[in-house]
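1. could you work out the structure for the sequence below:
(4 chains)
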There are 4 protein chains.
Amino acid sequence: MEEKIRTAGDNYEAVTHRVNVRVLYADTDAMGVVYYANYLRYFETGRMELFRSLGITLESPEIEGFVFPAAEAHCRYLASARADDLLTVETTLDTENRASLRFDYRVFREGGELLATGHTLHACVEKEGRVTRTPKALRERLDRACAFVSRPRLPRE
Amino acid sequence: MEEKIRTAGDNYEAVTHRVNVRVLYADTDAMGVVYYANYLRYFETGRMELFRSLGITLESPEIEGFVFPAAEAHCRYLASARADDLLTVETTLDTENRASLRFDYRVFREGGELLATGHTLHACVEKEGRVTRTPKALRERLDRACAFVSRPRLPRE
Amino acid sequence: MEEKIRTAGDNYEAVTHRVNVRVLYADTDAMGVVYYANYLRYFETGRMELFRSLGITLESPEIEGFVFPAAEAHCRYLASARADDLLTVETTLDTENRASLRFDYRVFREGGELLATGHTLHACVEKEGRVTRTPKALRERLDRACAFVSRPRLPRE
Amino acid sequence: MEEKIRTAGDNYEAVTHRVNVRVLYADTDAMGVVYYANYLRYFETGRMELFRSLGITLESPEIEGFVFPAAEAHCRYLASARADDLLTVETTLDTENRASLRFDYRVFREGGELLATGHTLHACVEKEGRVTRTPKALRERLDRACAFVSRPRLPRE
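-> This next block holds a predicted model:
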């Protein structure tokens, strides 16, 4: 159900991860399809599970004392998802970005139909509220994770 | 749009308040009606606005240092609400209950159709996590608000 | 991650199923814990996956033409869940109830702490809006699933 | 609480509308602030109330038989909103766009602090599922609403 993908390229370091999400009625609206805001919820599952696949969770010392609020979110909707659909959220972390965290997402329906693409940008904020650079320990952890990985820069939306 | 109602009775002190809520697509699901969990969201609007009508908000000194997590929630669904419906949430606070806070709710569609009834029970917890009695300052404030009010006990679900 | 449990008893037919749910930030609120309405969302995962474990999904012919709106929901909150917690939703379907569908739920944190209990009751409604009994084909499917199963009636809340 | 604003400019026809939204605990997350996806919910309130201010609701003949799913959503987060904050959602409809509906949003805290900006783009889809141009009756209604209005094009994000 979860799979971490590392593909080779030449000018871009990134980590890609896939996780499945089952669509609930709770996620849909009266148009019969997933409500547009809920893709941002799926994105959260994507980036949380990508981090977990790298051994980082909310309790990890690498991120203790920091939070990562969204600075920007974008989603393009290509096709609709319905209750009970099994989706795959593919999340790619751009590990070159030193100042903040950028994730790119693609959401597929079982079978491979691309439903949505998007990205989020996250600031790093100390618990006292001061915006800072990505913590060094997290950065090193990500670097180790990507040591042997590089991949062409994704076309940005 | 908001209205505080105090009705007279003989053995029960309560404050009742009404507030309107507009149903969003976000609240509905693929059955075409409001998703069942979202009535608990409407209940939150009800009790928050009842407190506001009594001059109590999250910043009020009467409740500083306390939070009021739900200990119990119940809802009975009688008829469906649809996107764009204008609902009225009628919230009644049982001011006799000294140990915790109990709210009773009735949700109506514009025109008066009763859609749902329910209640929530809230513990009082100090910010450090210790369960306690409803803070004295809040209790006194509620008592003053209800000084001249009494009303028959609502039939409990 | 999912497990179907059938326990033996003497006067009650039921099917129990367990599924894991990871708590998202999306599920929490500013008190730092899961927002109370979102347990009803977890309940949906529970009953949907219980049905799936019996081979019944939204596309199954047994339920085609019917929807099962909640008639009642109840939840008792015993302890808090936090972002990133791995929960187990244990769902029990009372297969003796012929007129409607009743599910009982228990939500545990990884490690076994009981966080919440609850139940939902669902009417069976034809797509045209008429309330009806549980469809015969679904009933027979549930009966087959429980043919050799019986279990003491759960203490009802 | 609601106010429709029409400002004069020279090369852009638009209608702007403001509506207040009270932040619920339901909208916040464990970081103590509004969860990022919920701004898209506030955006829905903005565009729904803008339409209502023009006399258009989900029941209006101008849009009967059509739905307007999001094709794109974008949000930039500048400052955080907390439970109980009173927000103003300012929504601007670009009435020059003939093929689809584009809304620009700005979300302010009471007092005027800008918290978020964003936009959504909506396709027009016939109930049978075919993408089409904005219905003529809706277009004419919007044109009449803006007959005497023009305003400089907003800086697009």
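2. separation between residue A:100 and chain B?
-> To chain B, residue A:100 is 28 Å away according to C-beta to the nearest C-beta, to the nearest Å. Just so you know, the C-beta spots here come from the backbone N, C-alpha and C atoms, and that holds for glycine as well.
3. show me which residues of chain A sit near chain C.
-> A:1, A:22, A:24-26, A:41, A:44-45, A:48-49, A:57-59, A:83-84 (C-beta under 8 Å from any C-beta of the partner chain).
4. list the buried residues in stretch A:95-115.
-> A:95, A:100, A:101, A:102, A:103, A:104, A:105, A:106, A:107, A:108, A:109, A:115 (16 or more other C-beta atoms under 10 Å in any protein chain shown).
5. and the residues of chain A next to chain C, which are buried?
-> Among the residues of chain A next to chain C, those buried by neighbour count (16+ other C-beta under 10 Å) are A:22, A:24, A:25, A:26, A:41, A:44, A:45, A:48, A:49, A:58, A:83, A:84.
6. just checking, the fifth one touches residue C:24?
-> Pointing back at residue A:41 there. Yes: using C-beta atoms under 8 Å, residue A:41 makes contact with residue C:24 at a distance of 6.6 Å.
7. tell me which parts of chain A are close to chain B?
-> Contact residues, chain A versus chain B (C-beta under 8 Å from any C-beta): A:25, A:26, A:28, A:29, A:30, A:31, A:32, A:33, A:35, A:37, A:82, A:83.
8. I'd like to know how far the residue nearest the centre of chain A sits from residue A:104.
-> Among the residues of chain A, the one closest to the centroid is residue A:47, at 3.2 Å (C-alpha atoms, centre = their mean). Noted for residue A:47: a distance of 10 Å to residue A:104, by C-beta to C-beta, to the nearest Å.
9. so who does the residue nearest to residue A:34 when sequence neighbours are not counted touch?
-> With C-beta to C-beta, 6 or more residues apart in numbering or on different chains as the measure, residue A:81 is the residue that lies nearest to residue A:34, at 4.4 Å, once sequence neighbours are left out. Counting by C-beta atoms under 8 Å, 6 or more residues apart in numbering or on different chains, residue A:81 touches A:23, A:27, A:33, A:34, A:87, A:107, A:109, A:115.
10. CSV for those, including pLDDT and secondary structure?
-> Output for those, formatted as CSV (pLDDT from 0 to 100; DSSP: H, G, I helix; E, B strand; the rest coil):
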residue, pLDDT, secondary structure
A:23, 98, coil
A:27, 98, helix
A:33, 96, coil
A:34, 98, strand
A:87, 98, strand
A:107, 98, strand
A:109, 98, strand
A:115, 98, strand
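11. widest-spaced pair of these?
-> Pairwise distances across those peak at 13.5 Å for A:27 and A:109 (criterion: C-beta to C-beta).
12. next, the contact list for the residue of chain A positioned farthest from its centre, please.
-> Distance from the centre of chain A peaks at residue A:30, with 27.4 Å (C-alpha atoms, centre = their mean). Applying C-beta under 8 Å, 6+ apart, one finds that residue A:30 lies in contact with B:25, B:28, B:29, B:30, B:32, B:33, B:82, B:83.
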